[in-house]
Structure formats: structure tokens, C-alpha cells
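Asks: Need coordinates for the following:
(one chain, ligands or ions: 1)
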Amino acid sequence: MTTKLIIKAIKTILIATMLSLSMAQATAKGVAHSTADLQRVVDEAYTKYKDLKEGKNADYIPILTTVPSDLFGVVIVTRDGKVYAKGDVDYKFSIQSISKPFTASLVMQQQGPGAIAEKIGVEPTGLPFNSKVALELLEARSVNPSVNAGAIAAVSMVKAESEKDRWKQVLQNLSDFAGRDLKLMDDVYDSEYGTSWGNRAIANLLYNYERLYSEPEEALRVYTRQCSVGVSAKDLGIMGATLANEGVNPITNKRVLATEHVPELLAVMAMTGFYDESGIWQYTSGLPAKTGVGGGIVTVVPGKFAIAAFSPRLNEAGNSIRAMKAIRYISGELGVGLYGANPE
Ligand code: GLU
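Replies: Numbers count the residues shown, from 1 in each chain. Predicted structure coming up:
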């Protein structure tokens, strides 16, 4: 070999080594975030948005107007159960729609993901969460487990001997995700069930189209109860961390969802978790999430951690403004979007 060739070979080896080193660094940056990093972004997100007053509490469920609007909490829970928190992360509020994917996961556990796709659907509606028009327009009727129609259908699919048994299973499943015994907020249930005319119409229409699998009023009652379960932002973080941890609760170590079903559930959350803002949420954050009109949001960074936040003031679509912005800030800062780092 000539000296020239030897020099060329050494150069090639050097370049390849440098490239693989920088790739390893980039991967490490994406995978491992230090304790200091996680607490810093939580603190920053809180400080950045704590004074934001935009939006208003949901008022179509009368009691939700009485929740103090200034409450605000942000939390990250890692897949091994470490908690990084700031603000009102222990305040109990109603879980509302965030219960929906978790009950869908119970149905997946009992009947497999195919049952969700066939008997409910997994397409976004592009319409508000309580739309009756979607139910008339779209052949799937229930359309997906994140809108009210699909969520009422999911409740009706839980294999149960009685209404009591149905509710027991739904509550136990939510509690297993949270790693503690969650409780019904009776005042929220009374307020919501007493004004549930729209959801009652949805349950009856679904039954009419043979897309409800229990007696309608029973499904409505259990659905309304699941929405009235009290959680804190920290609970939501643990529920999300259970999904980040492939279905095993990091606090209790109990398996709540089979590893192989986690991707389907996260896909449903990604496509439908933000109602008719799911597209823009995905476009900007690149992460599966679920929001609720109680002001909570939980976001999952698969294999790593969950980011959850709570703030009662909502935008027109029913999504908490400060919670959404705080989570978006954190995902951008940490560069954890699933489709690539998505800076703020
Ligand atoms: N319980 C609420 C309803 O049925 C849930 C809506 C939500 O959180 O988006 O309208």
C-alpha cells in the first residue's frame, strides 16, 4: 500500500469514528435527561405561564365553574416513578375525558385492540367532543374512544355482570393506573348527571344504531361516574408514566396493560386526544396526550416519562390553555417529540 493510500484509510477511519461518536451523543441527549434538567423545565414552564389568565372554566357542567381558576400545577413522572413537580399538583379535580383512554385500555385488556377498532372506531372526528352531528355523519357512529360517543360505547363494552360491577371495574382500572384508590367526587357526578341531556341523546342514538353494548342509561351513568373521579396532576403523571413504562405502574409495580397493547392506546391518544385540535397538537408537540374539561392534560413520552399539568381555564375546544402551553414548552425544551426534536 502506498503512503497516500494509508493516509486516506486513516482519515476514513477517523471520520467514521467522529460521526459515530456524535451520533451516540445525539442519542444520549434524546434519551437521558438529568434530574436537574427535568426539574428545571418543570419550574420554567410553571413560571412562564403562571400569570396567564386566558380562557375560562368549563360551565356546561355547573360545578366546574366553582373550581378556583388560578390553580396551576405541572409535573413530570418518569417511568421509574420519580416525580418532578411545581405548583398545585396535589389539588383534586375531576378527571373528565382523561378517563377515556384508560377505560379503552380496560376494554383492550378484555377483548383485544381489534374490538376497539371494530366496535367503536379509531378515526379523528374533526368535530367537538360532544358532537351529535359526528354520530349522524360518520358511519362508525361512535368514531373513537376519546369523544363522548366512543367513550360511552367503551364503558358499555366492559364485560360486566351488573351496573355495580361495571363501575367497580372501571374505577379499579383507573386506580390501578394511578397507583392508589381513587374516589368519586359525588358533587361533580350530581352536577353532571343532572345536566346530561346531550350525552343521554348520544347514548340513545348509539343504541339505536347498535353501536352501544349495554342498556343506554346504565352506560351513561357509569360513563358520568368515570368522568367524576377525583385526581391530582400528580395522579395523572403516574397514570401516564404507567403507559411510558409499557403498562406497568412504576409506584406499585402492578401490570395494568399488556405491553403489546400500549402502542395502540398511544396511537389513539395521538390521533384523538385533543379533540378537534388533535392535528395542531400533534403538529407542534409530536406526542400522544389526553385532555379533559376539568383542566387536566396528560402527555406520554413513550419509554421515558409522562408530563401532566392542571389549570381550569379552557379554550373553545375544551383544552386547558396553561396546561397545554406548559407541556408544549417542556416537550420542546427536552426535544422529546416522537417525530424528531421539536423546539418551541
Ligand atoms: N364528562 C364530560 C362530558 O361528557 C367530559 C368531556 C371532556 O372532558 O372533554 O362532556
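Asks: can you confirm residue 124 is in a helix?
Replies: No - secondary structure of residue 124 (DSSP: H, G, I helix; E, B strand; the rest coil): coil, not part of a helix.
Asks: pretty sure it is touching residue 278, no?
Replies: Yes - with contact defined as Cβ atoms under 8 Å, residue 124 and residue 278 form a contacting pair (5.5 Å). Placement of C-beta: from N, CA and C, glycine included.
Asks: what residues do the two have in common as contacts?
Replies: Common neighbours of residue 124 and residue 278 (criterion: Cβ atoms under 8 Å, 6 or more residues apart in numbering): 271-272.
Asks: Close to the ligand: what parts of the chain are there?
Replies: Within the chain, the positions near the ligand by Cβ under 6 Å from any ligand atom are 96-97, 129-130, 148, 192, 199, 227, 292-293, 318.
Asks: Dump those to a markdown table, plus secondary structure and pLDDT.
Replies: Listed next are these as a markdown table, based on DSSP: H, G, I helix; E, B strand; the rest coil; pLDDT from 0 to 100:
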| residue | secondary structure | pLDDT |
| --- | --- | --- |
| 96 | helix | 98 |
| 97 | helix | 97 |
| 129 | coil | 90 |
| 130 | coil | 91 |
| 148 | helix | 96 |
| 192 | helix | 97 |
| 199 | helix | 97 |
| 227 | helix | 98 |
| 292 | coil | 97 |
| 293 | coil | 97 |
| 318 | coil | 91 |
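Asks: Is it possible to mark the buried ones in the residues you listed?
Replies: 96-97, 129-130, 148, 192, 199, 227, 292-293, 318 (16 or more other Cβ atoms under 10 Å).
Asks: Return the closest of the residues you listed with respect to residue 268.
Replies: Distance to residue 268 across those (Cβ to Cβ) is lowest for residue 97, with 12.6 Å.
Asks: Give me the spatial nearest neighbour of that closest one, chain neighbours excluded.
Replies: The spatially closest residue to residue 97, leaving aside those adjacent along the chain, is residue 292, at 4.2 Å (Cβ to Cβ, 6 or more residues apart in numbering).
Asks: now do residue 329
Replies: Using Cβ to Cβ, 6+ apart and skipping residues adjacent in sequence, the residue nearest residue 329 is residue 45, 4.6 Å away.
Asks: That neighbour: neighbour count?
Replies: The number of residues packed near residue 45 is 28, by other Cβ atoms under 10 Å.
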